[in-house]
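[1] Turn this into a model:
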Amino acid sequence: MPANPQDALPIRLTVDDNDSPSDVLDALFLGRFTTGEQPYARSRSIDRVKSGASLLPSGATVLRAAHGDSRNAVLAEGDGWTLLVSRWNRGADITVTAVDEDLAVRVLAAATDGAQDEPEPQPDDVAMGFWYLSPRRGPHRTTRQISAGTWPEVRHNYTAPVADALDRLMGTTPDDIAGRLLLLHGPPGTGKTSALRTLAREWREWCQVDCVLDPERLFSDIGYLMDIAIGEEEESGKGRWRLLLLEDCDELIRGEAKEAAGQALSRLLNLTDGLLGQGRNVLVGVTTNEDLERLHPAVVRPGRCLARVEVGPLDRAEAVAWLGSDEGVGSDGATLAELYALRRGVSPLSLPEPRRTADGLYL
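    Here you go, the predicted structure:
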């Protein structure tokens, strides 16, 4: 084995001011794999590393360590193997190269054993996945515990017709599924996202819920879409249904979306009831602030939607009952966000009325 990994590099490295020490470690790490000296590689990502975990197996020799504002990296080696640890915030990527496959597996296991931090679950918590497209790692899923009340606890947050519709949705089982698209639409602040958190809790026995943080990129990148369509199941979720949540997708599903978004709308529909969705237990939940009349007819056609719920504000009587007072509640009622602001004693910021000129224009 060469004394230093840089001795194994078959190329000359050129660095400039745009390169960081961590970038140099990435290149050094690949040397032995590139030459074939250590032709086997194994890697693992951990989204929450336990405090104090070094992610280095016993007996590792640290060759380089780089500490930056957003990423820390450590290059280490042992007998027949090399390891690179890249850490950011609470997460880390660990990759091992080795002279044989079994050694790579054993070293990776030793480095990561017990390193995953599992926070103590709270009674109101539910696990939710979050997908995003990382410039460095590609499609990536991380899991978080989110707080969500039960449906009986939050039902009073919704006006009666909406609560009745959500009653049926919250009680849905796999045997009830007819369409693959779940559509919540209505003004901002009416509780669409809160309803989805509660839905994740009510369905957690049979459905894995994942939120896509960058839906505008999902349907423009076919590789990203395929990774999510194929899915990444939790250890306890083998064979369960999956619900992909896409929030605030106004541009994607409004009436003119076909011209504005190209193939994005077609790919969304294909995921719900086309060839892409065949053989996979995948539901797609979409929230939008658009009125139903402005949505693309292909999105709302009969048979495509498992549920299509317009989430509006509470009427005046419901809002007064929710707040326990009529102070600040208008004649048209109030949204859930407005009621919480009133309860906290917070008034929304307002701008002065625009000044009108003599010719009728506004300044």
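[2] the helices in the stretch 201-350 of the chain, which residues?
    All helices of the stretch 201-350 of the chain, identified by DSSP state H, counting those that start in this stretch, fall at 215-218, 222-230, 250-253, 257-261, 264-273, 297-300, 316-323, 336-344.
[3] just flag whichever of those has the lowest average confidence.
    Among those, helix 257-261 carries the lowest mean pLDDT, at a mean of 47.
[4] least trustworthy helix or strand in the chain by mean pLDDT?
    Every helix and strand of the chain was ranked by mean pLDDT, DSSP states H and E. The lowest is helix 257-261, at a mean of 47.
[5] Spatially nearest residue to Pro215 (excluding sequence neighbours)?
    What sits nearest to Pro215 in space, not counting adjacent residues and going by C-beta to C-beta, 6 or more residues apart in numbering, is Leu246, at 4.1 Å. C-beta: built from backbone N, CA, C; applies to glycine.
[6] I'd assumed Thr288 was in contact with the one you found.
    No - contact status for Leu246 versus Thr288: not in contact, 9.2 Å apart, counting by C-beta atoms under 8 Å.
[7] Tell me how many other residues crowd the residue nearest to Pro215.
    Leu246 has 21 neighbours, counted by other C-beta atoms under 10 Å.
[8] That one and Arg308: what is the separation?
    Leu246 sits 15 Å away from Arg308, going by C-beta to C-beta, to the nearest Å.
[9] before we move on, what about Val212?
    Distance, Val212 to Arg308, by C-beta to C-beta: 20 Å.
[10] Those two: who's more crowded?
    Val212 (25 against 18).
[11] helix, strand or coil for the nearest residue to that one once chain neighbours are set aside?
    Excluding the flanking residues, the one nearest Val212 by C-beta to C-beta, 6+ apart is Trp131, at 4.9 Å. Taking DSSP: H, G, I helix; E, B strand; the rest coil as the rule, one finds Trp131 in the strand state.
[12] residues contacting Trp131?
    Neighbour list for Trp131: 139-141, 210-213, 218, 228, 244 [criterion: C-beta atoms under 8 Å, 6 or more residues apart in numbering].
[13] Now do stretch 94-104: distance from first to last residue.
    For stretch 94-104, the first-to-last residue distance is 11 Å (C-alpha to C-alpha, to the nearest Å).
[14] what's in contact with that stretch?
    Residues contacting stretch 94-104 (C-beta under 8 Å, 6+ apart): 29, 32-33, 37-46, 55, 80-86, 107-108, 111-112.
[15] What subset of those is buried?
    Among the contacts of stretch 94-104, the ones that count as buried by 16 or more other C-beta atoms under 10 Å are 29, 32-33, 37-38, 40-42, 44, 46, 55, 80-86, 107-108, 111-112.
[16] Can you read off the pLDDT for the residue nearest to Val212?
    So, for Trp131, pLDDT stands at 89.
[17] contacting residues for the residue nearest the centre of the chain?
    For the chain, the residue nearest the mean C-alpha position is Phe130 (2.0 Å; C-alpha atoms, centre = their mean). Listed by C-beta under 8 Å, 6+ apart, the contact set of Phe130 reads 141-144, 210-211, 213.
[18] Let me know the closest of the residues you listed to Ala341.
    Among the contacts of Phe130, Cys211 lies closest to Ala341 (C-beta to C-beta), at 24.7 Å.
[19] Can I get stretch 210-225 in PDB, CA atoms only?
    The C-alpha coordinates for stretch 210-225 follow below in PDB (Å, rounded to 0.1, in the frame of the first residue of the first chain):
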ATOM      1  CA  ASP A 210     -43.100  11.900   2.000                       C
ATOM      2  CA  CYS A 211     -43.000  15.600   1.300                       C
ATOM      3  CA  VAL A 212     -41.200  16.800  -1.900                       C
ATOM      4  CA  LEU A 213     -39.500  20.000  -1.100                       C
ATOM      5  CA  ASP A 214     -38.800  21.000  -4.700                       C
ATOM      6  CA  PRO A 215     -41.800  19.900  -6.800                       C
ATOM      7  CA  GLU A 216     -40.900  22.300  -9.600                       C
ATOM      8  CA  ARG A 217     -37.700  20.300 -10.100                       C
ATOM      9  CA  LEU A 218     -39.300  16.900  -9.600                       C
ATOM     10  CA  PHE A 219     -41.300  16.900 -12.900                       C
ATOM     11  CA  SER A 220     -38.600  18.600 -15.000                       C
ATOM     12  CA  ASP A 221     -35.900  16.000 -14.000                       C
ATOM     13  CA  ILE A 222     -36.900  12.500 -15.200                       C
ATOM     14  CA  GLY A 223     -34.100  10.900 -13.100                       C
ATOM     15  CA  TYR A 224     -35.300  12.600  -9.900                       C
ATOM     16  CA  LEU A 225     -38.900  11.600 -10.700                       C
END
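[20] list the buried ones in it?
    For stretch 210-225, using 16+ other C-beta under 10 Å, the buried residues are 210-212, 215, 218-219, 221, 224-225.
[21] which one of the residues you listed is nearest Leu339?
    The nearest member of those to Leu339, counting by C-beta to C-beta, is Cys211 at 24.7 Å.
[22] so how far is Ser20 from the closest one?
    Counting by C-beta to C-beta - Cys211 and Ser20 are separated by 31 Å.
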